[in-house]
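Chemist: Below is the sequence, then the predicted model.
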Amino acid sequence: MTTLAATKDSAGSGWWSGLLGVVIFSGSLPATRLALRDFDPMFLTVARASIAGLLALVMVLWRNESRPRRGEWLSLAVVAAGVVVGFPLLTAMALQHVTSAHSIVFIGLLPLATALFGVLRGGERPKRAFWVFSLIGSALVAAFAVREGVHAAPAGDALMLLAIVLCGLGYAEGGRLARSLGGWQVISWALVLSLPLMALATLWWWPAGLGDVSTAGWLSLAYVALFSMFLGFVFWYRGLALGGIAAVGQLQLLQPFFGLALAASLLHEPVSAAMLGVTVAVVLCVAGAKKFAS
């Protein structure tokens, strides 16, 4: 009985930690859209990774963390490829073709991608009903994309889909690794691993005329570097490790709800009735997926 209660407490803590990570991530695409008014997508990607990497390096040195084992470095490289480089770069490129409000809806596909990689890499086995709810939520998002996105900006949609695949892999691999390495340690070491290359790339793509960058541009860069690239992952990977990759991953279905509100309020982007309808529908899928996740 004590063990069961402890397991439930751990899962509950994982869900709350994961939810906080989702709230932080919800500002990523609107902030990226703002930052792209002043920065090139490539520079934005490597600069945010370099800033977060320096913070991560300070953290592991200050905490005197033990270096990951030899077998863990490959997993950290997968995490870095998915969430440090792949997702930020591809979404920044996609946002040159579509609005952040439009791209946010694609995040509804991320829970399914995360769950699939959770099965492949994390050894999880959700119940059949879990896949039903997950597929319904994903199908709603795909239907929205076909209805409004594919005809308008196929390049932007293709980039977002590829970003979702890489991000799902990075989430699942990081969640699996966090069980032994720890949540903040996973993202910290992935950033440290990426730092030499990202720092050199930042110098290579260093833009002229940084003095003309707006205050909103600097604040947006700070957000995606410190919150989206580091702090959000501290809570997110802890949540995946405690609550399960597939189960907690379904919380990402809530991210469009928060993100659309930010896109409308900060960027004054139009939020259509279809966007709201899809968002509400996929949010309802979270409860069902959570019930049958384990």
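Modeler: That came in fine, so what should we check first?

Chemist: Now do the buried residues in the host helix or strand of Ala52.
Modeler: If you go by DSSP states H and E, Ala52 is part of helix 41-62. Residues of helix 41-62 classed as buried: 41-56, 59-60 (neighbour count, 16 or more other Cβ atoms under 10 Å). Yep, even glycine has a C-beta here, placed from its N, CA and C like the rest.

Chemist: Over to stretch 198-217?
Modeler: 198-199, 201-202, 205, 213, 217.

Chemist: can you pull out the helices in the stretch 101-250 of the chain?
Modeler: Counting by DSSP state H, counting those that start in this stretch, the stretch 101-250 of the chain has these helices, from start to end: 110-122, 128-144, 154-181, 183-204, 215-222, 232-243, 245-249.

Chemist: what comes into contact with the very next helix or strand once past the shortest one?
Modeler: Right, the one you point to is helix 245-249. The helix or strand immediately downstream of helix 245-249 is helix 255-266, counting by DSSP H and E. Under the criterion Cβ atoms under 8 Å, 6 or more residues apart in numbering, residues 22-23, 25-27, 29-30, 33-34, 99-101, 104-105, 107-108, 110, 269-271, 275-276, 278-280, 282-283 lie in contact with helix 255-266.

Chemist: mind saving the C-alpha coords of helix 255-266 as CSV?
Modeler: Provided in CSV are the C-alpha atoms of helix 255-266 (Å, rounded to 0.1, in the frame of the first residue of the first chain):
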residue,chain,number,x,y,z
GLN,A,255,0.3,23.7,-25.3
PRO,A,256,-1.7,25.0,-28.2
PHE,A,257,-4.3,26.4,-25.8
PHE,A,258,-1.7,28.5,-24.0
GLY,A,259,0.2,29.3,-27.2
LEU,A,260,-2.8,30.6,-29.1
ALA,A,261,-3.7,32.9,-26.2
LEU,A,262,-0.2,34.3,-26.3
ALA,A,263,-0.2,34.7,-30.1
ALA,A,264,-3.4,36.6,-30.0
SER,A,265,-2.5,38.8,-27.1
LEU,A,266,1.2,39.5,-27.8
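
Chemist: how many degrees apart are that helix and helix 215-222 in direction?
Modeler: 160 degrees (axes from the mean of the first three to the mean of the last three Cα atoms, to 10 degrees).

Chemist: Pull out the buried residues from the contacts of helix 255-266.
Modeler: Buried among those by 16+ other Cβ under 10 Å: 22-23, 25-27, 29-30, 33-34, 99-101, 104-105, 107-108, 110, 269, 271, 275, 278-279, 282-283.

Chemist: coming back round to it: compute the inter-axis angle for the helix holding Ala52 and helix 215-222.
Modeler: Using the same axes, to 10 degrees, helix 41-62 lies at 50 degrees relative to helix 215-222.
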